[in-house]
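> structural data only, the sequence is not supplied:
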């Protein structure tokens, strides 16, 4: 678990009025998006193919915006580009529970080094 002090230090680097919570769309992201919206944050879902339609069944947890990826590896292939967008737009990525399994081959560690 990440210590609260470290989380607060990271949050200090963001413009809290413009902060967007971003995560990969999955069953656990429903909880992340719902909680972020309750706290007043904008939300961004990273989805593979057309999986965003499932969020119509859960409107309180539907992200405000989606980025459509061709595959989970597409996320890793474009991590530098996404991190620049994240910084420019004050987006904060939250890793959902099944992320490591979706990314598969251990390449997720490359993305973690950039945080």
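The structure has been received and is ready for your questions. The structure displayed is predicted, hence computed values, not measured ones. Numbering: from 1, shown residues only.
> quick one: residue 51 from residue 83, how far?
22 Å (CB to CB, to the nearest Å). All C-beta atoms are positioned from the backbone trio N, CA, C, and that covers glycine.
> which stretches of the protein form strands?
20-24, 42-48, 65-69, 91-93 (DSSP state E).
> for residue 6, find the nearest of those strands.
Using CB to CB as the criterion, the shortest distance between residue 6 and these is 13.5 Å, found for strand 91-93.
> which other residues reach the closest one?
For strand 91-93, the surrounding residues in contact (CB atoms under 8 Å, 6 or more residues apart in numbering) are 10-11, 14, 19-23, 44, 85-86, 115.
> enumerate the beta-bridge partners assigned to the most centrally placed residue in the chain.
With distances taken as CA atoms, centre = their mean, residue 23 lies nearest the centre of the chain, 1.8 Å away. Here residue 23 sits in beta bridges with residue 45, going by DSSP bridges.
> list the contacts of it.
The neighbours of residue 23, taking CB under 8 Å, 6+ apart as the test, are 29, 32-33, 44-46, 93-96.
> I'd like the distance between it and residue 61.
Residue 23 is 11 Å from residue 61, where distance means CB to CB.
> okay, and the common contacts of the two?
Taking CB under 8 Å, 6+ apart as the contact criterion, the residues that touch both residue 23 and residue 61 are 29, 33.
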